[in-house]
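*Asks:* Predicted model follows, preceded by the sequence.
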Amino acid sequence: GYLSALHVEDIKPNQYDPRISKTISQNGTCKIVDDTGCDLTFWYGYEDEYPENDSDDENDDYYYEDDEDDDGTLVVWTSNIDKVCPPLEDKDVAEACSKKTTCMDCSRSPGCGWCSSPHLEMKSRCSSIKENEKMCPTERREEKFNSVPTIIKESKEQTSRWSKAQLHPQQVELAMNVGDIQYLDFTYLFISSGTSLTHDLPENVDLKIFSSCGGDNLLTEISRCSGIFNGVTVKFYARFHLKSCPEKSSDWEKSYKLTLSQGDVLDIDLKMFCSCSCDKFSTDGICRNDKKTFLDINPCAEKNSCSECLQDSACNWCSDSKFSYFDGSPLPRCNNDNFFTSDLCNGNGKVDPPRALTGSEDCSTCNHTCSGGICEEHKQDLLDLNMCVSQLTCGDCMKEDGCAWCPQTDGAPRCNLVSKWIVGNEKRNDPNKHECQEDLYVDRSTISTDKIEFLQNSDYIYEDSPMPDMTDNTVEITMKEGQSYNLELLLKINLDHRNFEEHQKFDEVKLMMKSRDEKSLSYVKLKYDYVCKGRKCTNDDIVKNLDELSFSASIELTECPDRG
């Protein structure tokens, strides 16, 4: 009941008001402190019968919790007026933030924001988020994450039409700042009578799981539920708190597992905001109060080849073709041993001998070779954000956006931006362009840009339903690995033919991928947002009130199957 309490400020004229109801009994109050330190007061009581009133508002019964015992129906309400929060002066926050001298330290401080604008003279670039919004241009604010858990995969592949996924969802993505607290709801269908929950999250992430374990008790922190009847679905609430950033930058984006003892696993893709976009070679943003640049604190990055790089014992070289910043932009391959970008190199691609190379040594020797990887770079490619030149095969080249592959060149990289190739009768006097001596391979992926109306049949497709034949609901998609494609999907609401409940909320209608080839689903990632009446859906949107429900979807081929 506490999770769906009625806010008295939202009560409309002629709408049921529990404060004046004459049929509520066993009234009481409950006080809690939320994660922000605010005191919240809730009132509750048991309604003997559903109230009769003249309101046409479909939300009238939304705040009732059905109770099959003789006490009646539980009703819970609260008021914003009675929410008491500790005083927090913005000037105190700004003063604490102003002591942070780098963007990295600033970004890891709750309530702080950094301004990287080179056009502003500032004693301290770290201030409160509120103050930063006032003085810093929008495009120069180092924006932190601002999101809630995103469901990547709702259900697992079914091995037969009779199999049923017990755990929902199966995979989520969390994007968190230091100090953030995020909640994730998940459900589990019990077949065995009990289950234990474990996880492999690092120490800097605090996870607490709450549930009533299917009973009538209040939510409590649990690590196990037992004595559950077969076929009962239990709801769990996971609370994630990011306390700090890991020391190694390679751990700032990583996948973890929440495991149930029956073997079901919830995959958690965790992104932590631990560095700033101004901390890159290809930017003029200021990342430190002393205005030191990327090259000032990482001087190894000036070197252009593996052999040149390793002549300095303080430097290491990354030959891995996948080496990049978190946003996918290229990084200098030569880095100081103690600089955070060093840790972003795959271990097998990192060339870091115990001593500096002598004048007669280079990166072609077997003890410290870059063979099979990238051995040199051109800084202009970094400035152009050109990841194409790092791709060593035609397959990898086709995965990158805007790249084209040439089987035979005049010494230029075989993979490059489409704009870097001479096409047709184009003049050959541009030194920045190269001629392909054979046919050029370019991206041929396609996807419809139209809004696609789907599911024309008159029934749901349930999780355990067989795949139907619906030729009218077919759209051809040609995808390449690692690229996200956007789709607009439209569900027409027809209550005469669909089993929507009276007050069913929009987010209870879920997209789920199905395939006759179950294994193929493991290669595809689906994300989506709900759109109601041309805008993002809100908690007030009930399916019954909608003529149609739209899904703004993103689909990605995470890897290519082994077979064609």
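*Replies:* On my side now, so go ahead. Numbering: from 1, shown residues only.

*Asks:* which residues touch the residue nearest the centre of the chain?
*Replies:* Per Cα atoms, centre = their mean, the C-alpha nearest to the average position across the chain is that of E173, at 4.1 Å. Going by Cβ atoms under 8 Å, 6 or more residues apart in numbering, E173 touches 149-150, 152, 268-271, 527. Glycine gets a C-beta too; all of them are placed from N, C-alpha and C.

*Asks:* with these in mind, which one is nearest to A356?
*Replies:* K271 (36.1 Å; Cβ to Cβ).

*Asks:* which residues in the stretch 1-150 of the chain form strands?
*Replies:* Along the stretch 1-150 of the chain, the stretches classed as strands by DSSP state E, counting those that start in this stretch are 6-7, 24-33, 39-47, 64-65, 73-78, 112-114, 126-128, 150-153.

*Asks:* which of these has the lowest average pLDDT?
*Replies:* Ranked on mean pLDDT, the bottom entry among these is strand 64-65, at a mean of 45.

*Asks:* Put the buried members of the contacts of E173 into a PyMOL selection.
*Replies:* Here is the PyMOL command that selects the buried residues among those (16 or more other Cβ atoms under 10 Å):
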select buried, resi 149+152+268+269+270+527
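
*Asks:* quick one: which of the contacts of E173 is nearest L218?
*Replies:* Checking the contacts of E173 against L218 by Cβ to Cβ gives P149 as the nearest, at 23.4 Å.

*Asks:* Would you enumerate the residues in contact with that closest one?
*Replies:* Per Cβ under 8 Å, 6+ apart, neighbours of P149: 172-174, 182-184.

*Asks:* Now for these: which two are most distant?
*Replies:* Greatest spacing in the contacts of P149, by Cβ to Cβ: E173 and Y183 (14.5 Å).

*Asks:* so which strand or helix has the spatially most distant residue from the centre of the chain?
*Replies:* In the chain, the residue that sits farthest from the middle, by Cα atoms, centre = their mean, is S360; the gap is 48.3 Å. Of the helices and strands defined by DSSP states H and E, none includes S360.

*Asks:* What of the one 10 residues further on?
*Replies:* Element membership of C370, judged by DSSP H and E, is empty: it is in no helix or strand.

*Asks:* Just the strands from the stretch 151-300 of the chain, written as ranges.
*Replies:* For the stretch 151-300 of the chain, strands defined by DSSP E, counting those that start in this stretch occupy the ranges 167-168, 171-177, 181-189, 195-199, 205-211, 220-221, 224-225, 233-242, 253-260, 265-273.

*Asks:* how about those, which one is nearest Q380?
*Replies:* By Cβ to Cβ (comparing all of those), the closest turns out to be strand 253-260, at 27.6 Å.

*Asks:* which helices and strands sit right next to that closest one?
*Replies:* strand 195-199, strand 265-273 (3 or more Cβ pairs under 8 Å, 6 or more residues apart in numbering; DSSP states H and E).

*Asks:* Determine which stretch of those is the most buried.
*Replies:* Looking across the helices and strands packed on strand 253-260 with neighbours counted as mean count of other Cβ atoms under 10 Å, the highest average goes to strand 265-273: a mean of 19.

*Asks:* Can you list the strands that it pairs with?
*Replies:* Strand 265-273 has the following strand partners under DSSP bridges: strand 171-177 (parallel), strand 253-260 (antiparallel).

*Asks:* okay, those in TSV with mean pLDDT and distance to D279 next?
*Replies:* Formatted as TSV, the strands paired with strand 265-273 follow (pLDDT from 0 to 100; distance: least, Cβ to Cβ, whole Å):
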stretch	mean pLDDT	distance to D279
strand 171-177	95	16
strand 253-260	96	15
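
*Asks:* of those strands, which approaches K533 most closely?
*Replies:* Closest to K533 of those is strand 171-177 (Cβ to Cβ; 27.1 Å).

*Asks:* Distance to D547 for the strands paired with strand 265-273 - can I get that in JSON lines?
*Replies:* Shown next, in JSON lines, are the strands paired with strand 265-273 (distance: least, Cβ to Cβ, whole Å):
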{"stretch": "strand 171-177", "distance to D547": "31"}
{"stretch": "strand 253-260", "distance to D547": "38"}
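
*Asks:* okay, the ones you listed, which one's buried deepest?
*Replies:* When the strands paired with strand 265-273 are compared using mean count of other Cβ under 10 Å, strand 171-177 is most buried, at a mean of 20.

*Asks:* and that one, how far out from the chain's middle?
*Replies:* Its chain's average C-alpha position is 5 Å from that of strand 171-177, according to Cα atoms, centre = their mean, to the nearest Å.

*Asks:* What of stretch 73-92?
*Replies:* Mean C-alpha position of stretch 73-92 versus that of the full chain (Cα atoms, centre = their mean) differs by 29 Å.

*Asks:* Report the buried residues of that stretch.
*Replies:* Buried positions in stretch 73-92, judged by neighbour count with 16+ other Cβ under 10 Å: 73-79.

*Asks:* ok, so of those, who is nearest E376?
*Replies:* T78 (63.8 Å).

*Asks:* could I get the buried residues of stretch 73-92 as CSV with distance to S117?
*Replies:* As requested, those are arranged in CSV below (distance: Cβ to Cβ, whole Å):
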residue, distance to S117
T73, 57
L74, 53
V75, 52
V76, 48
W77, 47
T78, 43
S79, 43
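
*Asks:* can you pull out the strands in the stretch 451-564 of the chain?
*Replies:* With DSSP E, counting those that start in this stretch, the ranges of strands along the stretch 451-564 of the chain come out as 451-453, 484-492, 524-532, 535-536, 548-557.

*Asks:* could I get these as CSV with mean pLDDT and distance to V178?
*Replies:* Formatted as CSV, the strands of the stretch 451-564 of the chain follow (pLDDT from 0 to 100; distance: least, Cβ to Cβ, whole Å):
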stretch, mean pLDDT, distance to V178
strand 451-453, 72, 40
strand 484-492, 83, 27
strand 524-532, 86, 24
strand 535-536, 88, 27
strand 548-557, 86, 27
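
*Asks:* and of those strands, who's closest to Q26?
*Replies:* Closest among those, using Cβ to Cβ: strand 524-532, at 37.3 Å.

*Asks:* Run the chain-centre distance for that closest one.
*Replies:* 12 Å.

*Asks:* in that strand, what's buried?
*Replies:* Those would be 525-528, 530-532, for strand 524-532 by 16+ other Cβ under 10 Å.

*Asks:* Likewise for stretch 103-110?
*Replies:* Across stretch 103-110, burial judged by 16+ other Cβ under 10 Å covers 103-104, 106-109.

*Asks:* Turn the helices and strands packed on strand 253-260 into TSV, including distance to N416 and mean pLDDT.
*Replies:* Formatted as TSV, these follow (distance: least, Cβ to Cβ, whole Å; pLDDT from 0 to 100):
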stretch	distance to N416	mean pLDDT
strand 195-199	44	95
strand 265-273	30	96
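
*Asks:* Same list, these, but as TSV with distance to G402 please.
*Replies:* Shown next, in TSV, are the helices and strands packed on strand 253-260 (distance: least, Cβ to Cβ, whole Å):
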stretch	distance to G402
strand 195-199	39
strand 265-273	24
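
*Asks:* Can you measure across stretch 521-537, start residue to end residue?
*Replies:* 27 Å (Cα to Cα, to the nearest Å).

*Asks:* what's in contact with that stretch?
*Replies:* Contacts for stretch 521-537 (Cβ under 8 Å, 6+ apart): 150-153, 157, 173, 489, 506-507, 511, 513-515, 538, 541, 546, 549-561.

*Asks:* Report the buried members of those.
*Replies:* The buried subset of those (16+ other Cβ under 10 Å) comprises 151-153, 157, 173, 489, 506, 541, 546, 549-551, 553, 555-557.

*Asks:* Now stretch 274-283: buried residues?
*Replies:* Applying a neighbour-count criterion of 16+ other Cβ under 10 Å, one finds 274-283 buried in stretch 274-283.

*Asks:* and it, average pLDDT?
*Replies:* Stretch 274-283 carries an average pLDDT of 91.
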